[in-house]
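> Here's a sequence, model it:
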Amino acid sequence: MSIPNSSSRPVRIDAWLWAIRAYKTRSAATAACRAGHVKLNGNAAKAAAPVQPGDTIRVRQPGFERILEVRGLIAKRVGAEAASHFFTDHTPERPAAPALGIPQRDRGTGRPTKKDRRELERLRGAR
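As a prediction, this is how the structure comes out:
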């Protein structure tokens, strides 16, 4: 299957991340590169680093890390379905957060008593 509108010229990593919709704006992708949240083939990537098909990009986002493999080059933002042709997502499945049965206090009941605090700590596993 051929990749639609694949570019033959080198593409900056920040522009590529923006084009495949990993970031909402290109400036957000550039800021992530500057902050060290983006790695290209295991090394910290500057915003102007060129990407090539076959490269592996790790993008750290709040709560998880996405692992993307470059399948094609794209410099302009396209629809989500078209953008999915330019990368393969190797991000492992995130485990479901365990449901904690932490009781909620009613509003207006004041501060917890010492007994209430000890029970909350016991439920949270602090002691």
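
> Ramachandran coordinates for T88?
Backbone torsions for T88, taken as degrees, to the nearest 10, come to phi -120, psi 130.

> How much space separates it from W16?
Noted for T88: a distance of 14 Å to W16, by CB to CB, to the nearest Å. For the C-beta atoms, the positions are set from N, CA and C on the backbone; glycine is no exception.

> Mind listing what's buried along stretch 45-57?
45, 47, 49, 51, 55, 57 (16 or more other CB atoms under 10 Å).

> Now that stretch: average pLDDT?
Over the span of stretch 45-57, the pLDDT mean works out to 94.

> C-alpha coordinates for it, PDB please?
Taking C-alpha atoms only, stretch 45-57 is exported to PDB below (Å, rounded to 0.1, in the frame of the first residue of the first chain):
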ATOM      1  CA  ALA A  45      15.900  15.200  19.600                       C
ATOM      2  CA  LYS A  46      16.200  18.800  18.800                       C
ATOM      3  CA  ALA A  47      13.200  20.300  17.000                       C
ATOM      4  CA  ALA A  48      15.100  20.600  13.700                       C
ATOM      5  CA  ALA A  49      16.200  17.000  13.600                       C
ATOM      6  CA  PRO A  50      15.300  15.400  10.300                       C
ATOM      7  CA  VAL A  51      13.200  12.200  10.400                       C
ATOM      8  CA  GLN A  52      13.400   9.300   8.000                       C
ATOM      9  CA  PRO A  53      11.200   6.300   7.400                       C
ATOM     10  CA  GLY A  54      12.200   3.500   9.800                       C
ATOM     11  CA  ASP A  55      13.100   5.900  12.700                       C
ATOM     12  CA  THR A  56      11.700   5.300  16.200                       C
ATOM     13  CA  ILE A  57      10.300   8.200  18.100                       C
END
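
> Tell me which residues are up against that stretch.
The contact list for stretch 45-57, computed with CB atoms under 8 Å, 6 or more residues apart in numbering, reads 10-14, 16-17, 29-30, 33-34, 38-42, 67-73, 90.

> Type out the ChimeraX command that picks the buried ones from those residues.
In ChimeraX, this line selects whichever of the contacts of stretch 45-57 come out buried by 16+ other CB under 10 Å:
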select :11,12,13,14,16,17,29,30,33,38,39,40,68,70,71,72,73
